[in-house]
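**Student:** have a look; sequence and predicted model below, questions after that.
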Amino acid sequence: MLKKENILLVDDDIDILELLQRHLKSMDYHTYKAVSVKEALYILKDTEIDLLVTDINMPEIDGLELVKYVAEHYPHMPKLVVTGFPSVEDASSVIKHGATDYLTKPFTKVELELAVKKALASKEAKKTDKKPPVKPVATNGYSDMIGNSEAFKKVTEIIDRVKDNRATVLVRGESGTGKELVARSIHYSGKFSRAPFIAVNCGAIPENLLEAELFGYTKGAFTGANENRDGFFQAAHKGTIFLDEIGNAPLPVQNRLLRVLQEKEVTKIGSQKPEQLDVRVIAATNSDLDELIQKKTFREDLFYRLSVVTVDVPPLRDRTSDIPLLVDKFIQKYGIEYKDRFVRITDDALEVLKRYSWPGNIRELENVVQRAVIMCDGKITLEQLPDELKYKIDFPQKGFKTLEEKEREYIQEVLLSTQGNKTKAAEILGINRKTLREKLK
């Protein structure tokens with residue numbers, strides 16, 4: 001059961017953000033993450049935050065400016081500063097502006113817990129004139145996934161069932177539907193969230209390197225193997241490995257992967273000694289694996305091992321009711337990033353976005369909104385949307401006509417221009433009246 005306190009974490013280091021989130025989640029706090037001061041300001045504007053935890057040294061605008069801003073705009077909000085570059089000047093400055101504590105990286109989980117409790121205890125009263133949250137964009141507990149549609153709920157129902165066990169999961173869906181977000185949600189919403197999450201794009205690594213990258217190798221196993229090296233599977237021990245574009249994996253990799261799933265062990269290239277592994281495998285594909293099995297390019301027994309649980313991620317055209325939520329999320333994200341302010345969208349522009357079929361799915365929608373935010377002056381209108389999204393007239397396709405039909409059409413056009421004067425029309429056509437009469441029969 002989550003506690004009522006909402007904690008905003010601000011750091012440009014994604015790894016530190018995820019570490020803080022895992023620690024605080026284990027203490028039953030609800031967290032919001034921001035990788036910049038700009039993003040933090042947006043969250044502060046529309047969300048009730050009880051504690052700010054921020055780094056000091058960040059690009060563009062540092063955390064000290066955020067501490068000063070919060071001190072005046074949210075005077076009742078306690079502030080906890082963490083930094084990897086401590087200085088006496090910074091410490092005295094943040095304390096002067098009301099920071100409750102000043103933690104230096106690296107710090108222990110116990111130190112963090114004590115500092116958070118101390119900061120929350122110093123909070124005298126909740127701010128009463130704060131606006132309520134606009135939309136629960138990031139409060140559904142499914143990482144960055146957003147939606148209220150029935151198709152979306154079917155996905156989250158499966159996530160809830162598999163998040164706390166190590167069943168192998170196959171995520172299927174078109175390109176751009178958010179398959180990796182599903183995998184991350186399974187990992188980070190479950191009890192293994194504090195363990196590693198390793199994402200591997202099987203289609204982005206050359207075939208001759210993929211096997212070594214996944215399973216590791218020993219010194220001298222092949223030319224260039226100058227040392228023993230663990231692979232992605234060893235790095236994911238106790239956690240989750242996400243294998244994207246699994247349909248592109250070559251057969252030798254499929255053979256080794258099948259053994260990992262069957263025996264729960266992995267053998268490095270060049271070694272005869274298997275290593276026991278405790279890892280959850282989540283694979284994803286936008287390919288038709290049944291077709292690949294028929295073509296003998298994908299092992300059928302591996303398919304059955306991977307698809308213990310299958311999650312079919314719906315295309316965006318099947319969850320159009322979620323488009324306003326997604327648009328709102330991307331407008332908020334890029335409005336702060338590019339405009340230093342909050343951008344809105346007109347109703348007619350939003351209707352165009354809802355009507356479009358989105359063959360590139362969520363990724364295409366995000367790209368369109370990102371461009372529109374850059375091109376607009378605080379308000380996205382139809383002018384900022386690409387022409388291919390707008391209404392089109394479907395003209396019937398012209399069929400081919402015979403030469404006789406085309407000739408008759410042209411004669412009619414000439415007669416129309418001469419107001420029915422056949423003598424003049426014959427002169428224009430270069431024929432006599434008798435021939436013209438014959439052609440009009």
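**Tutor:** Yes, it's here.

**Student:** pass me the low-pLDDT residue ranges in the chain, would you?
**Tutor:** Scanning the chain with the threshold set as pLDDT under 70 gives 1-3, 85-91, 97-98, 123-141, 143, 393-399.

**Student:** got the domain ranges for it?
**Tutor:** 6-121, 150-314, 317-389, 403-440 (automatic domain parsing).

**Student:** dump those domains into JSON lines; add distance to Tyr142 as well.
**Tutor:** The way it works is simple: take the backbone N, C-alpha and C, and place the C-beta from them, glycine included. Listed next are the domains of the chain as JSON lines, based on distance: least, C-beta to C-beta, whole Å:
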{"stretch": "domain 6-121", "distance to Tyr142": "14"}
{"stretch": "domain 150-314", "distance to Tyr142": "4"}
{"stretch": "domain 317-389", "distance to Tyr142": "13"}
{"stretch": "domain 403-440", "distance to Tyr142": "62"}
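
**Student:** which residues of the chain fall in strands?
**Tutor:** Assigned by DSSP state E, the strands in the chain fall at 6-10, 30-34, 51-55, 79-83, 99-104, 169-172, 197-201, 240-244, 265-266, 275-276, 280-285, 309-312, 344-345, 379-380.

**Student:** do I have it right that Leu325 meets Gly147?
**Tutor:** Yes - judged on C-beta atoms under 8 Å, Leu325 makes contact with Gly147 at a distance of 6.4 Å.

**Student:** so between those two, which is more surrounded?
**Tutor:** Legend: neighbour count by other C-beta atoms under 10 Å for Leu325 and Gly147, higher for Gly147 (21 against 18).

**Student:** leaving out sequence neighbours, find the closest residue to the more buried one.
**Tutor:** Spatial nearest neighbour of Gly147, excluding adjacent residues (C-beta to C-beta, 6 or more residues apart in numbering): Asp322 at 4.0 Å.

**Student:** wait, that neighbour touches Phe152, no?
**Tutor:** Yes - judged on C-beta under 8 Å, Asp322 makes contact with Phe152 at a distance of 5.9 Å.

**Student:** let's have the strands of the chain in TSV, adding mean neighbour count and distance to Ala115.
**Tutor:** Compiled in TSV, the strands of the chain are given as follows (neighbours: other C-beta atoms under 10 Å; distance: least, C-beta to C-beta, whole Å):
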stretch	mean neighbour count	distance to Ala115
strand 6-10	23	11
strand 30-34	19	15
strand 51-55	25	9
strand 79-83	25	6
strand 99-104	19	4
strand 169-172	24	37
strand 197-201	18	26
strand 240-244	25	30
strand 265-266	18	40
strand 275-276	12	38
strand 280-285	26	32
strand 309-312	16	38
strand 344-345	18	38
strand 379-380	18	41
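
**Student:** can I get those strands in JSON lines including distance to Arg437?
**Tutor:** What follows is the strands of the chain, written out as JSON lines (distance: least, C-beta to C-beta, whole Å):
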{"stretch": "strand 6-10", "distance to Arg437": "89"}
{"stretch": "strand 30-34", "distance to Arg437": "85"}
{"stretch": "strand 51-55", "distance to Arg437": "93"}
{"stretch": "strand 79-83", "distance to Arg437": "97"}
{"stretch": "strand 99-104", "distance to Arg437": "101"}
{"stretch": "strand 169-172", "distance to Arg437": "70"}
{"stretch": "strand 197-201", "distance to Arg437": "75"}
{"stretch": "strand 240-244", "distance to Arg437": "75"}
{"stretch": "strand 265-266", "distance to Arg437": "91"}
{"stretch": "strand 275-276", "distance to Arg437": "97"}
{"stretch": "strand 280-285", "distance to Arg437": "71"}
{"stretch": "strand 309-312", "distance to Arg437": "70"}
{"stretch": "strand 344-345", "distance to Arg437": "65"}
{"stretch": "strand 379-380", "distance to Arg437": "64"}
